[in-house]
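[1] pasting the structure only:
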Ligand SMILES: *[C@@H]1O[C@H](CO)[C@@H](O)[C@H](O)[C@H]1NC(C)=O
Ligand SMILES: *[C@@H]1O[C@H](CO)[C@@H](O)[C@H](O)[C@H]1NC(C)=O
Ligand SMILES: *[C@@H]1O[C@H](CO)[C@@H](O)[C@H](O)[C@H]1NC(C)=O
């Protein structure tokens, strides 16, 4: 009985691993060769002899992001684009700065779960589940608090503290991707036709034009 349970637990671990992050790597390192003309899922590996410490390094997350924008927030991403050594590693991170009343608007990471910790200030955060459909889960966070945004789900952060806020996020993909809902629906190139958006959101075309003009 005990051995069955152990087997089940191991199976469960193996399965959740396989489906909860980028595919596991099959060698110590596979530093991204950004110059390669080969197109694969991720990047081809640099030659092992050319791998250096710089391939695993990034500097600058101590720098405050510029939040002088409409949303009042700034994301400094550190993923495989900045650190080629993250190729195949299934992990990345980001620093997020928020002005007072700043938001990181509703968005999703198609390839990553996010775990966020508040380094400074207070944030009101939330995500919306898909099953049960459209249930909003929220939490007020203070310095030192940690919150998880499950992979693929729409989520946001709002700085409702009195000063600026800073958060650090870990993401379970070398290349999490970001889809900001408003930008992708109202700001695509070319635009999604007015009549499609009008019907989807149950609003008139003048409102659609107004929304599109913002993005
Ligand atoms: C911050 O961004 C704004 C808007 O793009 C720009 O005008 C301003 O010069 C930037 N500030 C700094 C310190 O880079
Ligand atoms: C969830 O989906 C059902 C079936 O499509 C729908 O009737 C219901 O209104 C939805 N609930 C929410 C909160 O969107
Ligand atoms: C932010 O808003 C939430 C939800 O209304 C509230 O629980 C929390 O106390 C607020 N935080 C601050 C610092 O005002």
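    Perfect, I can see it now. Please read these numbers as outputs of a predicted model, since none were measured by experiment. Ligands and ions are numbered 1, 2, ... in the order given.

[2] only C-alpha atoms from now on, for both contacts and neighbour counts.
    Will do.

[3] which residues does residue 85 contact?
    29-32, 55-56 (CA atoms under 8 Å, 6 or more residues apart in numbering).

[4] please redo it, this time with the cut-off set to 10 Å
    Shown in contact with residue 85 (CA atoms under 10 Å, 6 or more residues apart in numbering): 29-33, 45-46, 51-57, 79, 174.

[5] filter these down to the buried ones, ChimeraX style.
    Listed next is the ChimeraX selection for buried residues among those, using 16 or more other CA atoms under 10 Å:
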select :29,30,31,32,33,45,46,51,55,79,174
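
[6] which of the contacts of residue 85 are close to ligand 3?
    Contacts with ligand 3 are made by none of the contacts of residue 85, judged by CA under 6 Å from any ligand atom.

[7] of the contacts of residue 85, closest to residue 113?
    Comparing the contacts of residue 85 against residue 113 with CA to CA places residue 174 closest, at 11.5 Å.

[8] phi, psi of that closest one?
    Taking degrees, to the nearest 10, you get phi -70, psi -20 for the backbone angles of residue 174.

[9] ditto for residue 56
    Per degrees, to the nearest 10, the backbone of residue 56 is at phi -120, psi 20.

[10] wait, it sits on residue 82?
    Yes: Residue 56 is within contact range of residue 82, at 9.2 Å (criterion: CA atoms under 10 Å).

[11] can you classify whichever residue of the chain sits closest to ligand 3 as helix, strand or coil?
    Nearest residue of the chain to ligand 3 (CA to the nearest ligand atom) works out as residue 161 at 4.0 Å. At residue 161 the chain is in coil, as set by DSSP: H, G, I helix; E, B strand; the rest coil.

[12] how about it: what's its closest non-neighbour residue?
    Distances taken as CA to CA, 6 or more residues apart in numbering place residue 122 nearest to residue 161, at 4.8 Å, with adjacent residues excluded.

[13] what do you get for residue 107?
    Closest to residue 107 by CA to CA, 6+ apart is residue 180, at 4.1 Å.

[14] from what I can see that neighbour touches residue 71, true?
    No: the pair residue 180 / residue 71 is not scored as a contact, 11.9 Å apart, by CA under 10 Å.

[15] hey, what's in contact with both of the two?
    Joint contacts of residue 180 and residue 71 (CA under 10 Å, 6+ apart) are 104-105.
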